[in-house]
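Enquirer: below are the sequence and a predicted model; questions follow.
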Amino acid sequence: MAWTKQEINDHITACKILDRIKDSAFNYISKNPGISEYEVQRFILNEYKKNNLKSTLSPIVAFNASSASPHYFPKKKSLKLENDMLILIDIWARSNGVKKPFSDITWMGYKGKMSDEMIKVSDIVFLARDRCVEHLRKKLSEKNIPTGYELDAIARKVIADHGYGKNFIHGTGHSIGFVSPHGTYGRIRKSNKQKLLLNMGYTIEPGIYLKGKFGVRSEIDFYITSDYKLVITTPVQKRLIRII
């Protein structure tokens, strides 16, 4: 079922608020040396309350090796940020009320210095995401809607061509729901041969996960209009956020 114009507007509102919360979280990290994953998670939850947002589960805040697990949720005893660490923040929430769609974003940062491998992996993940967007734009310019399978294949080929195919252990994306950030209208993965729906929110979120070391994911939200235009509803990360 397609979103109504009001539901699209509600989604965009949630996207704008989440983006501000993301910035606040990285600013909070920069002002609190040695902060733990759990403490940052609690800060984000408090920001949800302040902005009248609802969510499911708690947000993902993961440093270094923790970020190698796509669905890592920090507990009270969690990693503390040190120099030369990677930071992954995955947040999802919606405006309070009935039938308000979620927004769902993942951004990356680092403190100190990134290793050559961190830089390489980040560049590959961003490229995989961007190639998906390019494919979407091309297909839509031909008045053709791609399937979840197509987009998944695009992202996986980019990552596999760079030697990290076995480390892509997370789906490429999913539809966005009202009860959960994961909707019921199809995922962007190998098994979905159905075309994406018009006026329905989806994510694109390729990732590379190196067990015991670190993981990188970049997640954006989008929908396709009735006249085949791609609308990306969240900012697109171009470079990692540096924590001084």
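Expert: Yep, it's here.

Enquirer: quick one: the strands in this structure?
Expert: 53-54, 60-63, 85-95, 103-111, 173-174, 187-188, 202-204, 207-210, 214-217, 220-224, 230-232, 241-243 (DSSP state E).

Enquirer: got the CA coordinates for the fourth one in CSV?
Expert: This file holds the C-alpha atoms of strand 103-111, laid out as CSV (Å, rounded to 0.1, in the frame of the first residue of the first chain):
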residue,chain,number,x,y,z
SER,A,103,13.0,7.2,9.3
ASP,A,104,16.1,5.0,9.5
ILE,A,105,19.7,6.2,9.1
THR,A,106,23.2,5.0,9.8
TRP,A,107,26.2,7.3,9.9
MET,A,108,29.9,6.6,10.6
GLY,A,109,32.6,8.6,12.4
TYR,A,110,36.0,8.1,14.0
LYS,A,111,38.2,9.5,16.7
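
Enquirer: can you tell me how far Asn9 sits from Ile208?
Expert: For Asn9, the distance to Ile208 (CB to CB, to the nearest Å) stands at 34 Å. Where you see a C-beta, it was placed from the backbone N, CA and C, and this is true even at glycine.

Enquirer: brain fart, Ile243
Expert: Ile243 sits 21 Å away from Ile208, going by CB to CB.

Enquirer: any idea where the helices of the protein begin and end?
Expert: Assigned by DSSP state H, the helices in the chain fall at 5-31, 37-50, 116-141, 148-161.

Enquirer: ok, back up a step: which one of Asn9 and Ile208 is surrounded by more residues?
Expert: Remark: of Asn9 and Ile208, Ile208 carries more neighbours, 25 against 13, as counted by other CB atoms under 10 Å.

Enquirer: confidence score at Lys190?
Expert: On pLDDT, Lys190 comes in at 85.

Enquirer: and what of Pro146?
Expert: Looking at Pro146, its pLDDT is 95.

Enquirer: list the contacts for it?
Expert: Shown here is Pro146, whose contacts under the criterion CB atoms under 8 Å, 6 or more residues apart in numbering are 135-136, 139, 195-196.

Enquirer: re the thing from before, comparing the strands of the chain by mean pLDDT, which bottoms out?
Expert: Looking at those, the weakest mean confidence is strand 187-188, a mean of 90.

Enquirer: pairing partners for that strand, with directions?
Expert: strand 173-174 (antiparallel) (DSSP bridges).

Enquirer: before we move on, the earlier item: between the helices of the chain, which gets nearest to Ser226?
Expert: helix 5-31 (10.6 Å; CB to CB).

Enquirer: in terms of secondary structure, what does the closest one contact?
Expert: Contact partners of helix 5-31 among helices and strands, from 3 or more CB pairs under 8 Å, 6 or more residues apart in numbering; DSSP states H and E: helix 37-50, strand 53-54, strand 85-95, strand 103-111, strand 220-224, strand 241-243.

Enquirer: sheet-wise, list the partners of the fifth one with their directions.
Expert: For strand 220-224, the paired strands and their directions (DSSP bridges) read strand 202-204 (antiparallel), strand 230-232 (antiparallel).

Enquirer: my guess is Ile12 contacts Thr234. True?
Expert: No. The pair Ile12 / Thr234 is not scored as a contact, 9.1 Å apart, by CB atoms under 8 Å.

Enquirer: show me which of these two is the more surrounded one.
Expert: Thr234 (23 against 18).

Enquirer: distance of Gly177 from Gly212?
Expert: Between Gly177 and Gly212 the distance is 33 Å, computed by CB to CB.

Enquirer: the more surrounded of those two?
Expert: Neighbour totals were compared for Gly177 and Gly212, and Gly177 leads with 17 against 7 (other CB under 10 Å).
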